[in-house]
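Undergrad: Sequence and predicted model, in that order:
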Amino acid sequence: MTRPISRRTALLLGGLGVVTVVGGAGMLWVTWPAGTDRFTGGDALRQPAELRSTGGLLAVTLVAAPVTTTIGGRSAKLLGYNDALPGPTLRLHPGDRLRVRLTNGLTHPTNLHVHGLHVSPEGNGDNMAVTVAAGGAFDYEYQLPANHPPGVYWYHPHHHGNVADQVFAGLYGTIVVDDPAPIETSRERVLVISDLTLDGAGAVTGASAADRMQGREGELVLVNGQLAPALVLRPGERERWRIVNACVSRYLRLRLDGQRLQLLGIDSGRPEYPAEVQEILLVPGNRADVLVTAAPGTAVLRTLAYDRGAATAGGMMGGSRRRATGSDVTLASVTVTGDPAPAPAGVPRHPAPIDLRGATVTARRELSFAMGMGMGDGSMMTFTINGQEFDPDRLDTTVLAGSVEEWTLGNTSGMDHPVHLHVWPMQIVARGDTAETDVVWRDVVNVPAGGQVTVRISFSDFAGRTVYHCHILDHEDAGMMGTILAR
């Protein structure tokens, strides 16, 4: 079936590999796959609802439940928090208390992870052992330290075995921790980037065994649940974009050519001054805090192809290699027009980040992330850390609360693995044999195929039990996760 589409939609769908140009004279035509309805893009970018703390407290209810919405001009049946995609943005200050009543309106168990927040993993804090059964509820409470790093964080389910399916279907939202010293901007925008695939009835498709081995990537890449939304700025305006990579497996190489980008930080890491950048790489789970200063004209926010490697599993994959994130995709259009805006004030200096390279290291560990053949006919693949699949009843690592450790994260597989440690951020000190010259903090660290990254971790402020894992969420669900206790 062929239908006329706009150039904007053709550009988007070209990144999905479904466009065939058969016409001219200012009109593009597309050949749609059999049984696929038309998708359209270009609506104005919408912002999620925002809930702000007052008097040091934010108390909210999040209801995880099925939701019917519109994606790309067609009806879609997803999951969402509070009937929205994404869920509401939770805005806090350092030292605030966050109370969340999570109500489970799903047919499967779930729970909640406040990704990147430096809070207790115990009790009703960021506790991965909590299970909220279908129809049940749980009251979480998180106390942010007074010196909690400002920046952008996010929340999503973390019930083992259901994580990838629930995030892929739409369960995610943003957390913003405000700066003590505000940065002058014309406006702030939250941009939650996710992907999904819809079947002919508008339902989210399930994942095949091959998808789970590779780490699934959706056919549609969304910003705040929208397909190729449009943004309008005035010349000279400076906006602050809080960008979240909420994709289950997709790596994002972000570019906005023709516009000035200043990177304030990634995850909770923040240098003293923003860096001028042309491209920003966000692995699954990473977030970026970016200042965008508008220059007249039009621009396209896009993500470029990234080779994160391939899974192989004998008969299951036919022995072939299937590489992911192989196409450029348009995420949004930007139009800069109107009267010039006054020049904003300079960006205030951020306090220098802590540098653990001079700290006393109490222990050194090696963690090996591996993919191998399963038992029997070898048609299934195993996902392990130090040769073991996840067991919630097994304690894998014990550390001394308040100590500093150095971990070497090794990857013996043919795919990149983004490694996430809950509660405590990691300082990258070396990539392979090359020492890191800057002070770089992440809570998701990409470990390239066949490579290694060395990090230092300060197990400060909290004791308790939590997890570390690959943030390709299909790999986490398949067993690439370990438990850690700080005591």
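TA: Thanks, I have it.

Undergrad: Buried residues, the longest strand seen in the chain. List them.
TA: Ranked by number of residues, the top strand in the chain under DSSP state E is strand 57-71. Buried residues in strand 57-71, counted by 16 or more other CB atoms under 10 Å: 58, 60, 62, 63, 64, 67, 71. To be clear about C-beta, it is placed using only N, CA and C from the backbone, and glycine gets the same treatment.

Undergrad: So what does residue 435 have for phi and psi?
TA: Torsion angles at residue 435 (phi, psi; degrees, to the nearest 10) stand at phi -70, psi 140.

Undergrad: pretty sure residue 347 contacts residue 182?
TA: No: assessed by CB atoms under 8 Å, residue 347 is found out of contact with residue 182, at 10.6 Å.

Undergrad: Show me which of these two is the more surrounded one.
TA: Between residue 347 and residue 182, counting by other CB atoms under 10 Å, residue 347 is the more crowded of the two (16 against 8).

Undergrad: on that earlier part again, now for residue 347 and residue 182: what residues contact both?
TA: When CB atoms under 8 Å, 6 or more residues apart in numbering defines a contact, no residue borders residue 347 and residue 182 alike.

Undergrad: Leaving aside the residues adjacent along the chain, what's closest to residue 161?
TA: Once flanking residues are discounted, residue 161 sits nearest to residue 477: 5.4 Å by CB to CB, 6 or more residues apart in numbering.

Undergrad: wait, doesn't that neighbour sit right on residue 166?
TA: No: applying CB under 8 Å, one finds residue 477 not in contact with residue 166, separated by 10.1 Å.

Undergrad: need the contact list for residue 70.
TA: Residue 70 makes contacts with residue 76, as judged by CB under 8 Å, 6+ apart.

Undergrad: Could you rerun that using 10 Å?
TA: Residue 70 makes contacts with 43, 76, 202, 225, 226, 227, as judged by CB atoms under 10 Å, 6 or more residues apart in numbering.

Undergrad: again, but for residue 135
TA: 103, 104, 105, 106, 107.

Undergrad: who wins for neighbours among those?
TA: Greatest neighbour count in the contacts of residue 135, by other CB under 10 Å, goes to residue 104: 24 neighbours.

Undergrad: any idea of the pLDDT on that residue?
TA: Residue 104 is assigned 98 on the pLDDT scale.

Undergrad: With adjacent residues omitted, what lies nearest to it?
TA: Once flanking residues are discounted, residue 104 sits nearest to residue 132: 4.6 Å by CB to CB, 6+ apart.

Undergrad: Quick check, that neighbour in contact with residue 159.
TA: Yes: contact criterion CB atoms under 10 Å: residue 132 and residue 159 qualify, at 7.8 Å.

Undergrad: Between the two, which contacts overlap?
TA: Residues touching both residue 132 and residue 159 (CB under 10 Å, 6+ apart) are 104, 106, 109, 110, 111, 112.

Undergrad: now, which of these sits nearest residue 481?
TA: Set against residue 481, the nearest of the shared contacts of residue 132 and residue 159 by CB to CB is residue 111 (14.3 Å).

Undergrad: what about residue 209, neighbour count?
TA: Using other CB under 10 Å, residue 209 has 13 other residues around it.

Undergrad: Low-confidence ranges, the stretch 51-200 of the chain, go.
TA: Along the stretch 51-200 of the chain, no part satisfies pLDDT under 70.

Undergrad: quick one, helices of it?
TA: Taking DSSP state H, counting those that start in this stretch as the test, the helices found in the stretch 51-200 of the chain are 163-168.

Undergrad: End to end on stretch 161-177, go ahead and measure it.
TA: End-to-end distance for stretch 161-177, by CA to CA, to the nearest Å: 30 Å.

Undergrad: ok, now stretch 242-256?
TA: Termini of stretch 242-256 sit 15 Å apart (CA to CA).

Undergrad: With stretch 73-86 instead?
TA: End to end - CA to CA - stretch 73-86 spans 17 Å.

Undergrad: Check which residues of that stretch are buried.
TA: 76, 77, 78, 79, 80, 81, 82, 84, 85, 86.

Undergrad: likewise stretch 456-467?
TA: Within stretch 456-467, the residues scored as buried using 16+ other CB under 10 Å are 456, 457, 458, 459, 461, 462, 464, 465, 466, 467.

Undergrad: Just give me the neighbour total for residue 165.
TA: 21.

Undergrad: got a list of what it touches?
TA: Going by CB under 10 Å, 6+ apart, residue 165 touches 79, 108, 157, 171, 204, 206-207, 212, 216, 248, 473-474, 477.

Undergrad: Please list only the buried members of the contacts of residue 70.
TA: Neighbour counting over the contacts of residue 70 (16+ other CB under 10 Å) leaves 76, 202, 225, 226, 227 as the buried ones.

Undergrad: In space, what's closest to the first one - neighbours in sequence excluded?
TA: Right, residue 76. residue 202 (4.8 Å).

Undergrad: need the contact list for that neighbour.
TA: Taking CB under 10 Å, 6+ apart, one finds 37, 68, 69, 70, 71, 74, 75, 76, 77, 78 in contact with residue 202.
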